[in-house]
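Colleague: Need coordinates for the below:
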Amino acid sequence: MRNMGKIEECLKNLGYVIIWTKGSSMWPLFKEGKSRVQIVSCEGNAFRKGDIVLYRNIDDTLILHRILKAADEESFLVCGDHQWKEIEKIRKDEILGVVQGFYVKGSFVDDETLWYRVYKKIWNGNLTIRRCCLAFLRLSGIEKRCLK
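Modeller: Numbers count the residues shown, from 1 in each chain. Next comes the predicted model:
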């Protein structure tokens, strides 16, 4: 993600930031250049399975990935929605913010939106189901068309 300093500055000073997504690791939920997410500062937040968090990677890039589960009291296992085996372990102190919601065709979607709750339950419930869904999307050609 570009403008890393500005994103962190907004989170620190305003408590939130709205950014366009970049990359394909959170597809099919977020599409590069077409999805805007609202991220809030995570100070004092209790993170839950299914939350999408913003953290700084080892190579100093900012990453949005979903929490699969707590690894222990101080860390989580995270993975992008477009992945099923590239699971990373991150510490709580590496998390800069948590996605509060996102925009789809101009409408704001948050944890109270029914279709998103169903998506999270299915997509985050079992990585085997996710792998099968992604394989279907790949074989049907949908993935290729969407990621152009």
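
Colleague: And the longest helix along the chain, what does it pack against?
Modeller: Scanning the chain for the longest helix, with DSSP state H as the assignment, gives helix 127-140. With contacts defined as 3 or more Cβ pairs under 8 Å, 6 or more residues apart in numbering; DSSP states H and E, helix 127-140 has these neighbours: helix 114-125, helix 142-146. Yep, even glycine has a C-beta here, placed from its N, CA and C like the rest.

Colleague: can you list contacts of that helix?
Modeller: For helix 127-140, contacts defined as Cβ atoms under 8 Å, 6 or more residues apart in numbering pick out 28, 68, 79, 81-82, 84-85, 122-123, 143-144.

Colleague: Now do it and helix 114-125, the angle between them.
Modeller: Per axes from the mean of the first three to the mean of the last three Cα atoms, to 10 degrees, the angle that helix 127-140 makes with helix 114-125 is 110 degrees.

Colleague: now helix 127-140, how far from the centre of its chain.
Modeller: Between the centre of helix 127-140 and the centre of its chain there are 18 Å (Cα atoms, centre = their mean, to the nearest Å).

Colleague: ranges for the strands of the chain?
Modeller: 16-20, 36-41, 52-56, 62-72, 75-79, 88-91, 95-104, 107-109 (DSSP state E).

Colleague: In CSV: the contacts of helix 127-140, plus neighbour count.
Modeller: CSV is the format used below for the contacts of helix 127-140 (neighbours: other Cβ atoms under 10 Å):
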residue, neighbour count
28, 17
68, 16
79, 20
81, 23
82, 19
84, 18
85, 8
122, 12
123, 18
143, 18
144, 10
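
Colleague: Pull the most distant pair out of those residues.
Modeller: 68 and 144 (26.2 Å; Cβ to Cβ).

Colleague: ok, back up a step: in TSV: the helices and strands packed on helix 127-140, plus distance to residue 39.
Modeller: Formatted as TSV, the helices and strands packed on helix 127-140 follow (distance: least, Cβ to Cβ, whole Å):
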stretch	distance to residue 39
helix 114-125	16
helix 142-146	23
